[in-house]
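Participant: pasting a predicted model and its sequence here:
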Amino acid sequence: MASIYLNRLRSPDNYIGCYKTLLQKTPSTENYVRLAEAYLNIQDADSAVATYETARRVNPSVKFGVKLARIFVKTHRYEAAIRCYKEEGSGGEGAIELATLYVGLGHLDVARETLEGLERPVLASPVLAKIKEKSSDIRGAYDTLLQGVETCAELRTHAHTKQLAQYATQLRDFHAAIGHYRTMLNDVSRLSAQETHSVYIALIKLYMQISDWKSCESLCSQLLNSSSGGAPGVNGAPGVNGAPPAGISSTGSAATTARLMLADATFRRGDFQSASDHFASIVSSSQEQGQGMNYTALARYIEIQRRLATLKEGKVTDMLAGKVGRGVGGVRPPGYCYCQGLFEWYSGNPLVALGWFNRAKHDSEWGQQSLHNMVEICLANPEVAGSSIKPGNGGALEMADSFIKEMNPCSLEEDWSCKLLSNFIRCASLDRIEFEMALNEFTRLAQNEGTRVGASLGLAKCYVHHNQSSRARNILKLLAKTPWTFEEADYLESCWLLLAELLIQDSKLDRAATLIQHTLGYNKSSAKSYELLANIAESRDELDTAVKYYNQALRLGVSSEPGLSLKLASLLLRMRRYGDAMDVCMSARRKDASTWHAHRTVYERAMNHLRT
């Protein structure tokens with residue numbers, strides 16, 4: 001009857017009345033507990049506490065400390081909860097729950113002391129693992145929890161297995177993480193639809209990390225088929241032994257997620273053209289179905305168009321120009337602002353890009369990456385100093401530092417990213433003390449697999465600045481054959497190009513050209529690559545080829561730095577193509593009048609040759 005009052009008739013008073021009647025007829029401890037739990041079911045914590053207190057007065061021999069403490073934790077009355085746990089005495093589940101509360105409050109040493117003297121210490125493994133995690137000892141946390149799960153059957157829950165998988169992922173032990181997620185899928189019947197879906201997504205991401213594209217695309221296809229209403233067998237997918245992926249949500253959002261993951265796998269495999277078609281299809285279908293713009297797909301599409309050097313063909317502009325780019329009241333949503341900023345940045349408009357990223361930087365989904373991009377823009381474009389984004393007399397590095405301070409890393413990867421960016425700012429400052437700090441920090445970060453590529457680039461730049469090119473070259477050689485990954489793409493490509501530049505200085509032109517072509521295979525819009533190819537062609541006295549590469553670099557260049565056009569104009573002058581040299585100088589002047597002093601000498605020499 002009580003269940004009917006609560007769930008069908010929605011009458012909390014009558015629901016509680018049933019338990020009160022039961023208690024009046026039989027005033028036992030069990031009925032007091034039932035009434036207290038009924039109060040909790042209708043979110044009346046105060047009445048539940050009062051009921052437990054009454055039960056304690058009626059029967060002082062019965063302890064309700066743990067039950068009361070749980071109520072106090074739910075209502076954020078932590079001091080009262082701690083008192084109740086302590087009244088219950090040490091040992092058992094009360095001690096473990098008290099230690100968990102201390103961990104949540106940040107009292108790690110007290111939490112560790114609370115767990116001493118337990119009759120079954122293995123039961124405290126999850127809490128001890130959490131203590132080590134909070135102390136930044138992820139390896140210790142993983143080993144502690146793994147030992148507990150392997151020793152005690154009571155700890156073999158999906159929650160603990162998932163935590164093990166997350167620890168292994170942070171440690172970049174991807175095969176171990178896959179094994180833990182497979183264990184969860186071995187008992188898929190106990191997982192909800194959302195949990196099963198999240199496990200499959202996590203597995204797909206892990207397969208991407210180890211470049212197992214066959215398994216990755218197989219899981220993506222199964223997710224897509226399942227979300228469309230089918231129930232395919234897993235056919236060798238990890239840990240399910242041929243059973244259908246039961247529990248996967250059959251909603252439209254699940255289908256979109258599956259399509260996104262499949263497109264992303266294609267992108268990370270290096271098949272940019274197919275990935276471009278996948279993402280364009282997702283963007284188009286999301287609009288046709290009235291779901292609004294899928295900004296995740298659009299951001300990836302823009303990234304791919306940049307890497308294919310087709311960003312200026314107009315498709316992205318058409319996507320951004322439609323009504324889908326407007327939110328409620330015509331306000332642009334953060335996803336749109338991020339995508340527009342990305343497009344402007346890659347199109348060579350850093351100041352405009354800063355403005356768009358600035359609109360998205362407070363968003364929970366797009367904010368962190370927006371701030372990251374803003375720092376990158378400041379590092380690469382000194383001319384943004386004093387812009388309306390951060391008005392004042394500070395330079396671009398001061399702006400970058402202020403954006404770093406606005407970041408709020410929510411994961412280990414984001415924290416690593418912040419540390420790398422902070423040290424690139426120190427390196428760019430050229431202040432001796434800051435420079436030495438950056439060098440030491442890059443050396444430390446280079447030992448970490450998650451920051452090895454970015455830190456190696458920073459170290460190499462520091463050594464080049466100190467005229468220690470051989471040390472820089474030795475560091476970069478270790479990365480020459482590192483597999484390309486999207487997460488580290490920009491750092492890795494910069495490493496390859498810096499190594500190529502150093503090899504050109506050593507007259508090792510063939511090796512340099514091979515590295516540059518390898519870079520262009522992943523990023524056809526790399527102006528630096530074409531500039532270096534032009535340098536190689538000049539060294540080989542292939543002047544027409546050098547002109548072609550310089551023109552390509554100028555077409556793709558995203559900065560107003562006059563060096564490229566000056567090199568091209570000087571080369572044309574050397575080839576006695578005086579009219580072309582003058583055209584290059586005038587074109588540079590029209591783009592930025594401040595560069596005229598650098599081009600004037602070449603222009604006047606070309607004009608004098610034409611007169612004679």
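Facilitator: Good, I have the coordinates. Numbering: from 1, shown residues only.
Participant: please name the nearest non-neighbouring residue to R259.
Facilitator: I282 (5.4 Å; CB to CB, 6 or more residues apart in numbering). Every residue, glycine included, has its C-beta placed from N, CA and C.
Participant: again, but for A177
Facilitator: A168 (3.8 Å).
Participant: I'd guessed the one you found sits against H180; true?
Facilitator: Yes - if you go by CB atoms under 8 Å, A168 and H180 touch, sitting 6.3 Å apart.
Participant: of those two, who's got more company?
Facilitator: H180 (25 against 22; other CB atoms under 10 Å).
Participant: who are the contact partners of the more buried one?
Facilitator: 161-162, 164-165, 168 (CB atoms under 8 Å, 6 or more residues apart in numbering).
Participant: how about P483?
Facilitator: Here P483 is in contact with S211 (CB under 8 Å, 6+ apart).
Participant: what mean pLDDT would you report for stretch 458-465?
Facilitator: Mean per-residue pLDDT for stretch 458-465: 94.
Participant: what does the helix or strand hosting L206 contact?
Facilitator: Per DSSP states H and E: L206 is located in helix 193-209. Residues from elsewhere that reach helix 193-209 (CB under 8 Å, 6+ apart): 158, 162, 165, 169, 172, 174, 177-178, 181-182, 184-185, 188, 191, 213, 215-216, 219-220, 222-223, 238, 245-249, 254, 257, 261, 264-265, 268, 485.
Participant: surely A606 is in contact with L573?
Facilitator: Yes - the criterion here is CB under 8 Å, and A606 meets it with L573 at 5.5 Å.
Participant: between those two, what contacts are shared?
Facilitator: Jointly contacting A606 and L573 under the rule CB under 8 Å, 6+ apart are A581.
Participant: without its sequence neighbours, what residue ends up closest to M586?
Facilitator: That would be Y603: by CB to CB, 6+ apart, it lies 7.4 Å from M586.
Participant: how many neighbouring residues does the one you found have?
Facilitator: There are 21 residues near Y603, going by other CB under 10 Å.
Participant: what do you get for N381?
Facilitator: Around N381 there are 21 other residues, counting by other CB under 10 Å.
Participant: one more: I210?
Facilitator: Counted with other CB under 10 Å, residues neighbouring I210 total 13.
Participant: now L185
Facilitator: If we define neighbours as other CB under 10 Å, then L185 has 22 of them.
Participant: and if you look at the one 5 residues further on?
Facilitator: With neighbours defined by other CB under 10 Å, the count for R190 comes to 12.
Participant: residues touching it, list them.
Facilitator: Neighbour list for R190: H158 [criterion: CB under 8 Å, 6+ apart].
Participant: show me the contacts for the nearest residue to L502 once chain neighbours are set aside.
Facilitator: In this structure, L502 finds its nearest non-sequential neighbour in R473, 4.8 Å apart by CB to CB, 6+ apart. Applying CB under 8 Å, 6+ apart, we find R473 in contact with 460, 499, 502-503, 506.
Participant: can you flag the buried ones in these?
Facilitator: With burial judged by 16 or more other CB atoms under 10 Å, the buried subset of those is 460, 499, 502-503.
Participant: now intersect those residues with the helices, please.
Facilitator: Among these, the ones falling in helices (DSSP state H) are 460, 499, 502-503.
Participant: can I get those residues in a markdown table with distance to G521?
Facilitator: Below are these laid out as a markdown table (distance: CB to CB, whole Å):
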| residue | distance to G521 |
| --- | --- |
| A460 | 22 |
| L499 | 16 |
| L502 | 20 |
| L503 | 18 |
